[in-house]
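Participant: Turn this into a model:
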Amino acid sequence: MPRYLCLYLCLGVFASLAQGQAFGAEGQAAGQMDQVERCVLNTVATGASDTTLREVRDTCRDLQNGAKVPARIINEKLTENSAFVITPHRQNYLLPVTHNAKPNQTPWIEQNVFPGIERPIEHAESKLQISFKVPLWYQDLFFANDGVYFGFTMKSYWQVFNEPLSKPFRETNYRPEVFYQTPIPVSAWDGAFFTRVGFEHESNGRSQLLSRSWNRIFVGVGFLRERWALYIQPWYRIPEERKEDDGDPNTPPPPDGDDNPDIDDYLGHYEFVAVYNDERYEYSSLVRYSFETGKGGLELSASFPLWGRLKGFVQYYQGYGETLIDYNHDVQRIGLGFLLTDLL
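Facilitator: Residues are numbered from 1 along each chain as shown. Below is the predicted model:
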């Protein structure tokens, strides 16, 4: 359907939806009207050229029911069918320069990965994260605007300033996941609730003594308002068999079994994310904590405008679990760089 025709029909949809809104309370109707208007106009602006009137109506109709749908969920739904859009999942960024106050040398020294070098890992390195998701189902399953997704996050640490080691990538963590996400039809505090239920695997793609990995199932609950968001995601680690080692240093351990049986002692059983956005600047924090051991990790981030979509980015991390190879090592890192996609 030509775009100008879609625009004409979408405005008609908006008019009919607006008429339905007129019978509610003025304050509530105004808020819902704003969301309906954004939904229709965003559909016109970002929808595919063959977007139909029915797709516009189905996308925006449920904004009339009095329960807000998170704006990010609506915006993502509008671009899911576009062949030219990759939907971000977590933040996507590049930190060309970071400083780690106390690099973890132990795994590399114990395995003699770099013979003759006493302290192979340098304090300065680059860090990058790539994160995206794709829908596995394109219609509503149980509720309006719900869906099943495949998500993937890759986080890499590059010893780009380490000339003696030929600038290797020190560690890369891969985090694929499958999850169901749906808005929760509850109106409270002028915001919107949503939940996620899923399974994720995380590993560093290495073998034998440098291998780190785990599997977990999770149930997360989030709350979003126009400028801030909260999200808590408890998880349950799927147990693995104990890795048996014959004790001979000349033979590697078997490939099967648990590479890091005590990881819960350092990362706990949940993570909590808080975000605030004042239109130009966005501030976010991520917390993991184990009540049994008192260990965990804290990540603080701030983004600020540079030009176009590109933002400046500052990130600080303190604690355990920044990477899988360092899951039991206390890290203190600060970095400066660029961000492509934020959380809000």
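Participant: Check the secondary structure at the residue sitting nearest the centre point of the chain for me.
Facilitator: Computing the C-alpha centroid of the chain and ranking residues by Cα atoms, centre = their mean puts Arg90 first, at 2.4 Å. Look at Arg90: counting by DSSP: H, G, I helix; E, B strand; the rest coil, its state is coil.
Participant: how much space between it and Lys102?
Facilitator: Per Cβ to Cβ, to the nearest Å, Arg90 is found 26 Å from Lys102. Placement of C-beta: from N, CA and C, glycine included.
Participant: Just the strands from the protein, written as ranges.
Facilitator: Secondary structure of the chain (DSSP state E): strands at 87-88, 92-100, 124-135, 147-158, 169-188, 191-203, 213-224, 228-237, 270-277, 282-289, 296-307, 310-319, 331-341.
Participant: out of the ones you listed, which comes closest to Pro255?
Facilitator: Taking Cβ to Cβ, strand 213-224 is the member of those nearest to Pro255, at 11.2 Å.
Participant: Next, count neighbours for Pro120.
Facilitator: Other residues near Pro120 number 19, with proximity taken as other Cβ atoms under 10 Å.
Participant: Dihedrals phi and psi, it?
Facilitator: Backbone dihedrals for Pro120, given as degrees, to the nearest 10, come out at phi -70, psi -30.
Participant: ok, it touching Val113?
Facilitator: Yes. Pro120 lies in contact with Val113 (Cβ atoms under 8 Å); the separation is 7.2 Å.
Participant: so where's this protein uncertain?
Facilitator: Judged by pLDDT under 70, the chain has its weakly predicted residues at 1-68, 245-253.
Participant: Can you give me the domain assignment for it?
Facilitator: With domains defined by automatic domain parsing, the chain comprises 3-66, 87-341.
Participant: and these as CSV, adding distance to Arg72?
Facilitator: Rendered in CSV, the data for the domains of the chain read as follows (distance: least, Cβ to Cβ, whole Å):
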stretch, distance to Arg72
domain 3-66, 12
domain 87-341, 7
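Participant: right, so of those domains, which gets closest to Ile74?
Facilitator: When these are compared for distance to Ile74 using Cβ to Cβ, the nearest one is domain 3-66, at 5.6 Å.
Participant: quick one: the nearest residue to Ile325 once chain neighbours are set aside and Val186, what's the gap?
Facilitator: Closest residue in space to Ile325, ignoring its immediate chain neighbours: Glu171 at 4.8 Å, by Cβ to Cβ, 6 or more residues apart in numbering. According to Cβ to Cβ, Glu171 and Val186 sit 41 Å apart.
Participant: swap in Arg216?
Facilitator: In this view, Arg216 and Val186 are 27 Å apart by Cβ to Cβ.
Participant: same check, this time on Glu122
Facilitator: Counting by Cβ to Cβ, the gap between Glu122 and Val186 amounts to 50 Å.
Participant: does Thr87 have beta-bridge partners, and which?
Facilitator: According to DSSP bridges, Lys133 are recorded as the beta-bridge partners of Thr87.
Participant: Wait, the residue nearest to the centre of the chain touches Gln129, no?
Facilitator: Yes. The criterion here is Cβ under 8 Å, and Arg90 meets it with Gln129 at 6.9 Å.
Participant: Spell out which residues are contacts of both of these two.
Facilitator: Residues touching both Arg90 and Gln129 by Cβ atoms under 8 Å, 6 or more residues apart in numbering: Thr153.
Participant: For the residue lying closest to Ile238 once chain neighbours are set aside, grab the count of nearby residues.
Facilitator: For Ile238, ignoring the flanking residues on the chain, the nearest one in space by Cβ to Cβ, 6+ apart is Asn215 at 4.4 Å. Asn215 sits with 15 neighbouring residues when counted by other Cβ under 10 Å.
Participant: Kindly report the same for Glu200.
Facilitator: Neighbour count of Glu200, defined by other Cβ under 10 Å: 19.
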